[in-house]
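> Only the shape, not the letters, is given here:
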């Protein structure tokens, strides 16, 4: 009887051993480990500074008012009998610097900028343009620096609506890596 019990115990041990090995192989097929590399590159931050202010010069708006447009090259056009006096309109110029040969986007203002004088009179600047062109166009920072030129259109009323004086305001332009 002792022999029969011993044989039964040994048979059970042999039967369960392949089952445990089979479970181990099934678990091994459900999981696998792998090693992977990590890396990061730190780049020079993009920077911009205004080197020349966008200016529409000195002018007389006439009886009706009108517009003055300054393009990115600094050339100007006027409408509605506006007389540009002895002054030179200038494009806005920004010096951009950053990671050499990186691409970036230029985002001009979405809406108009308002110029005001000390008495609360206003003029509007809109129709923003730049060279290189704005938007998601991939402009390249060749050698890590570039000049961006900005132009726009100033709309003003008559001399009664916009009396003589200095009008000023601000606009925001954004430069960002792609």
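Arrived safely. Computed from a predicted structure; not experimentally measured. Numbering: from 1, shown residues only.

> which residues of this protein score low on pLDDT?
Low-confidence regions of the chain, defined by pLDDT under 70, span residues 1-29, 81, 136-137.

> Strands along that one, start to end?
Along the chain, counting by DSSP state E, strands occupy 47-52, 59-60, 66-70, 76-78, 83-84, 92-97, 103-107, 113-116, 122-131, 135-140, 145-156, 174-177.

> I'd like to know which of those strands lies nearest to residue 40.
strand 174-177 (15.0 Å; Cβ to Cβ). Quick note: C-beta positions are derived from backbone N, CA and C, even for glycine.

> Quick one: closest of the strands of the chain to residue 31.
So among these, strand 174-177 is nearest, using Cβ to Cβ, at 39.6 Å.

> Note down every partner strand of the closest one and its orientation.
Partners of strand 174-177 in the sheet, by DSSP bridges, are strand 103-107 (antiparallel).

> show me what contacts residue 135?
Taking Cβ atoms under 8 Å, 6 or more residues apart in numbering as the criterion, residue 135 is in contact with 105, 106, 107.

> Turn the strands of the chain into CSV, including distance to residue 163.
Formatted as CSV, the strands of the chain follow (distance: least, Cβ to Cβ, whole Å):
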stretch, distance to residue 163
strand 47-52, 27
strand 59-60, 11
strand 66-70, 16
strand 76-78, 19
strand 83-84, 16
strand 92-97, 25
strand 103-107, 34
strand 113-116, 12
strand 122-131, 11
strand 135-140, 37
strand 145-156, 11
strand 174-177, 34
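
> any idea which of the contacts of residue 135 is the one closest to residue 129?
Of the contacts of residue 135, the one sitting nearest to residue 129 (Cβ to Cβ) turns out to be residue 106, at 10.5 Å.

> Pretty sure residue 83 sits against residue 60.
Yes - when contacts are counted by Cβ atoms under 8 Å, residue 83 is listed as touching residue 60 (4.7 Å).

> hmm, who's touching stretch 139-148?
Here stretch 139-148 makes contact (Cβ under 8 Å, 6+ apart) with 44, 46, 48, 51, 93-106, 130-133, 173, 175.

> rerun at 10 Å
Stretch 139-148 is contacted from outside by 44, 46-48, 51-52, 72, 91-106, 108, 130-134, 173, 175, 177-178, using Cβ atoms under 10 Å, 6 or more residues apart in numbering.

> Buried among the residues you listed? Need that as a selection in ChimeraX.
In ChimeraX, this line selects whichever of the contacts of stretch 139-148 come out buried by 16 or more other Cβ atoms under 10 Å:
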select :48,72,91,92,93,94,96,97,98,99,102,104,106,108,130,131,132,134,173,175
